[in-house]
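Colleague: Return a 3D structure for these sequence lines:
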Amino acid sequence: MPNTNPPTVDEESLDEVSDLAQAKARCDYGLYFGATNQNATLLPSLAHRAIGLKMYLNHTFSALRLKDLSVWMDHFQVYILSFYV
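Modeller: Below you'll find the model as predicted:
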């Protein structure tokens, strides 16, 4: 899940979480990417590295709470289109 420390919300944090998982995993796993109010534009280049996009509308750890449904829709549209490019 992306609500970790640091949150998985950009390429650097996704690399870090991926490296940790590869080094310690003893089973199959998948990584989730976290939506923030500013990172929808990163999805086209990172979506293929995550099994899902986690979006929070309520309180959670770190900067993962989306301010309103318009930000939610921005992420949803970009994420879906990322798989057709």
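
Colleague: Let's check: the centremost residue of the protein is which one?
Modeller: residue 33 (1.5 Å; CA atoms, centre = their mean).

Colleague: In a strand, it, correct?
Modeller: Yes - counting by DSSP: H, G, I helix; E, B strand; the rest coil, residue 33 is found in a strand.

Colleague: and it, what are its bridge partners?
Modeller: Assessed by DSSP bridges, residue 33 has beta-bridge partners residue 53.

Colleague: Tell me the confidence at it?
Modeller: Listed pLDDT for residue 33 reads 93.

Colleague: Next one: it from residue 48, what distance?
Modeller: 10 Å (CB to CB, to the nearest Å). Glycine gets a C-beta too; all of them are placed from N, C-alpha and C.

Colleague: cool, and residue 26?
Modeller: Taken as CB to CB, the span from residue 26 to residue 48 is 24 Å.

Colleague: neighbours around residue 79, how many?
Modeller: 20 (other CB atoms under 10 Å).

Colleague: What strand or helix carries it?
Modeller: Per DSSP states H and E: residue 79 is located in helix 69-82.

Colleague: Who are the packing partners of that helix?
Modeller: helix 43-46, strand 52-54 (3 or more CB pairs under 8 Å, 6 or more residues apart in numbering; DSSP states H and E).
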